[in-house]
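Undergrad: Let's see this in three dimensions:
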Amino acid sequence: MATAAVPAREAANVMEKIVSLAKRRGFFFQSSEIYGGIQGIWDFGPPGVALRNNIKRAWWRSMVELRDDVVGIDAGIIMNPRVWVASGHVQNFTDPLVECKKCHQRFRADQVSGPRHEADGGELTEARQFNLMFKTFIGPAEDSSTQVYLRPETAQGIFVNFANILNSSHMRPPFGIAQIGKAFRNEITPGNSIFRLREFEQMELEYFVPPADELKWLEYWKEQRLNWYLGLGIKREHLRLRAHDKDELAHYARGAFDVEYEFPFGWSELEGIAARGDYDHQKASGRDLSYFDDIVRERYLPHVVEPSGGVDRAMLTLMLDAYHEEEVRGEQRVVLKFHHSVAPIQVAILPLSRKEPLITTAQKVEHELRPYFRTEYDDTQSIGKRYRRQDEIGTPFAVTIDFETDKDQSATIRSRDAMTQIRVPLAQLRPKLQELFA
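TA: Below is the predicted model:
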């Protein structure tokens, strides 16, 4: 029997444990690790990719496919640089930077205290503004006329396509345009594993509304987004909605909320929901981006409510929230108790040995279940070690094909959480598993 779990909130060094587990089981690795790595960029292995895809699939299903007022877009990562001038990113997308004169390490000014570097006593320079956008060039020449930027957010690709979507889809406000895609920020001090990255993936919605309705829709979307995270199985006591104070609002925002999660390093932003007023590009582009409402006979520039979250932070949050340590028959068990909707593998099929007919039967069962669940076949190592591996990648159920299977045409379903086992006829495996997931 298992003793009570040690929640992630109370486990010592849980961030270090998550990073160790992530590497051991293939969720994520430091990018370019064999060459010493590169700070702020991570690579994702097989279960990590599966978890991320499940997060994105759940978001797209909820935000686009199940709604009749939202459509999708996939805009380019590199845009005309005038976009970033008009949006204010070239001028204002900055962090204050200080440098240690002794070791030449650089830090965000708001993350140091005092005039000297605590580690070596070196004097810190005066703070200067550092633009967070990555620069590159288009074409063979490298000069100011060919300089472009990697996008630091996905929102602008939506805004500059507003008229295109409006004219081609015949949507009318209130309606939204959704996008999932990579963004890049040259963070001075990335850290906390995959929490703060230089290359990351956003899930972003721009919801266009009549100006008078902006704050009403802000209230609507903040509740929708909180409930979405709860639906992924994240515990309610680890989530909260925090309203932005007036002094932390962006210059364009009339109001904003953060969905925050209680990370091991404290409460921090998981997703932002902002009422950001009218968008940036009508004046700068010289294009008419207004909307004429032919019902009320009124023309206006829509205002925007923006829920914006990150795939990486959602992934880290799910891993932290699912992380448990338990003692089972005198041994420690580590388990990720993912909700089955996001678990990288839902059903593992495990032959008790590599002998026939176990292997042939197990492979047949896996192929039969594969169209209905995310499955994995594994015949390596002892059955106990395979159970532990499946626990650590968060697989809810394992189907074991044993030496009795050929005689009684049945298999054992093992539950990750309850650690119970039930015997089920092979012909009933699919309906029984569907019942358990329901």
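Undergrad: what about the strands in the stretch 1-150 of the chain?
TA: For the stretch 1-150 of the chain, strands defined by DSSP state E, counting those that start in this stretch occupy the ranges 6-7, 28-30, 42-44, 70-72, 94-99, 106-108, 128-131, 135-137, 147-149.
Undergrad: closest one to Asp417 among the ones you listed?
TA: strand 6-7 (14.4 Å; CB to CB). Every C-beta, even on glycine, is put in place using the N, C-alpha and C of the backbone.
Undergrad: Now do that closest one, average pLDDT.
TA: The average of the pLDDT scores along strand 6-7 is 46.
Undergrad: and what of stretch 148-166?
TA: Stretch 148-166 shows a mean pLDDT of 95 in the predicted model.
Undergrad: Just give me how far that stretch sits from the chain centre.
TA: Its chain's C-alpha centre and that of stretch 148-166 lie 20 Å apart, by CA atoms, centre = their mean, to the nearest Å.
Undergrad: distance between the ends of that stretch?
TA: 27 Å (CA to CA, to the nearest Å).
Undergrad: what's the residue closest to the geometric middle of this protein?
TA: With distances taken as CA atoms, centre = their mean, the chain has Val311 as the residue nearest its mean C-alpha position (1.6 Å).
Undergrad: Can you tell me the closest non-neighbouring residue to that residue?
TA: Closest residue to Val311 apart from its sequence neighbours, by CB to CB, 6 or more residues apart in numbering: Glu201 at 4.0 Å.
Undergrad: any chance you could map the strands in the stretch 251-400 of the chain?
TA: Assigned by DSSP E, counting those that start in this stretch, the strands in the stretch 251-400 of the chain fall at 255-263, 266-278, 291-293, 298-300, 303-310, 323-328, 331-336, 347-351, 375-377, 397-401.
Undergrad: Report pLDDT for the residue nearest to the centre of the chain.
TA: The score at Val311 is 98. That number is its pLDDT.
Undergrad: roughly how far apart are it and Ile55?
TA: 6 Å (CB to CB, to the nearest Å).
Undergrad: and if you look at Arg374?
TA: According to CB to CB, Arg374 stands 14 Å off from Ile55.
Undergrad: ok, those two, which is more surrounded?
TA: Legend: neighbour count by other CB atoms under 10 Å for Arg374 and Ile55, higher for Ile55 (24 against 17).
Undergrad: Can you check which helix is longest in this structure?
TA: Selection of the longest helix in the chain by residue count, based on DSSP state H, yields helix 214-231.
Undergrad: what packs against that helix?
TA: helix 46-60, strand 199-209, strand 239-243, strand 255-263, strand 266-278, strand 303-310 (3 or more CB pairs under 8 Å, 6 or more residues apart in numbering; DSSP states H and E).
Undergrad: switch to 6 Å and redo it
TA: On a contact count with 3 or more CB pairs under 6 Å, 6 or more residues apart in numbering; DSSP states H and E, helix 214-231 meets strand 239-243, strand 255-263, strand 266-278, strand 303-310.
Undergrad: which other residues reach that helix?
TA: By CB atoms under 6 Å, 6 or more residues apart in numbering, the surrounding residues in contact with helix 214-231 are 62, 209, 239, 241, 255, 257, 259, 271, 273, 275, 303, 305, 307.
Undergrad: so it versus strand 239-243, what angle?
TA: Interaxial angle of helix 214-231 relative to strand 239-243 (axes from the mean of the first three to the mean of the last three CA atoms, to 10 degrees): 160 degrees.
Undergrad: Make residue 1 into 735 and carry on from there
TA: Sure, I'll start numbering at 735, so the last one becomes helix 948-965.
Undergrad: would you say Ala1145 is within a strand?
TA: Yes - Ala1145 sits within a strand when classified using DSSP: H, G, I helix; E, B strand; the rest coil.
Undergrad: if I pick it, what's in contact with it?
TA: Ala1145 sits next to 1133, 1135, 1139, 1160 when contact means CB under 6 Å, 6+ apart.
Undergrad: now do 7 Å
TA: By CB atoms under 7 Å, 6 or more residues apart in numbering, Ala1145 lies in contact with 1099, 1133-1135, 1139, 1158, 1160, 1163.
Undergrad: In terms of pLDDT, where does it sit?
TA: 98.
Undergrad: now Ala746
TA: What the model reports as pLDDT for Ala746 is 50.
Undergrad: same check, this time on Phe841
TA: Looking at Phe841, its pLDDT stands at 83.
Undergrad: Now do it: how many residues are near it, please.
TA: Phe841: 18 neighbours (other CB under 10 Å).
Undergrad: Repeat that for the one 10 residues further on.
TA: Taking other CB under 10 Å as the neighbour definition, His851 ends up with a count of 19.
Undergrad: how close does Glu1065 get to Thr1134?
TA: 19 Å.
Undergrad: okay, and for this structure, where does confidence drop off?
TA: Scanning the chain for pLDDT under 70 picks out 735-746, 1014.
Undergrad: about what we covered before: please identify which of the helices and strands packed on helix 948-965 is closest to Phe761.
TA: Counting by CB to CB, Phe761 lies closest to strand 1037-1044 out of the helices and strands packed on helix 948-965; the figure is 15.9 Å.
Undergrad: Any idea what the nearest residue to Ser1149 once chain neighbours are set aside is bridged to?
TA: The shortest distance from Ser1149 to any residue other than its chain neighbours is 6.2 Å, reached at Phe1131 (CB to CB, 6+ apart). Legend: beta-bridge partners of Phe1131 under DSSP bridges are Val1081, Ser1149.
Undergrad: What separation is there between the residue nearest to the centre of the chain and Leu973?
TA: For Val1045, the distance to Leu973 (CB to CB) stands at 17 Å.
Undergrad: And stretch 901-908, how far out from the chain middle?
TA: 28 Å.
Undergrad: Flag every buried residue along that stretch.
TA: Across stretch 901-908, burial judged by 16 or more other CB atoms under 10 Å covers 905, 907-908.
Undergrad: ok, and what's touching stretch 865-878?
TA: With contacts defined as CB under 7 Å, 6+ apart, stretch 865-878 is touched by 818, 823, 827-829, 880-884, 886, 918-921.
Undergrad: Can you list the buried residues in that stretch?
TA: 865, 867.
Undergrad: ends of it, how far apart?
TA: Stretch 865-878 stretches 16 Å from its first residue to its last (CA to CA).
Undergrad: Let me know whether Arg1150 touches Asp1125 as I believe.
TA: Yes - contact criterion CB atoms under 7 Å: Arg1150 and Asp1125 qualify, at 5.9 Å.
Undergrad: For Arg850, the count of nearby residues, please.
TA: Look at Arg850: counted by other CB under 10 Å, it has 15 neighbours.
Undergrad: And Val1039, by the same measure?
TA: Per other CB under 10 Å, the neighbour tally for Val1039 reads 29.
Undergrad: Right, I'll call it a day here.
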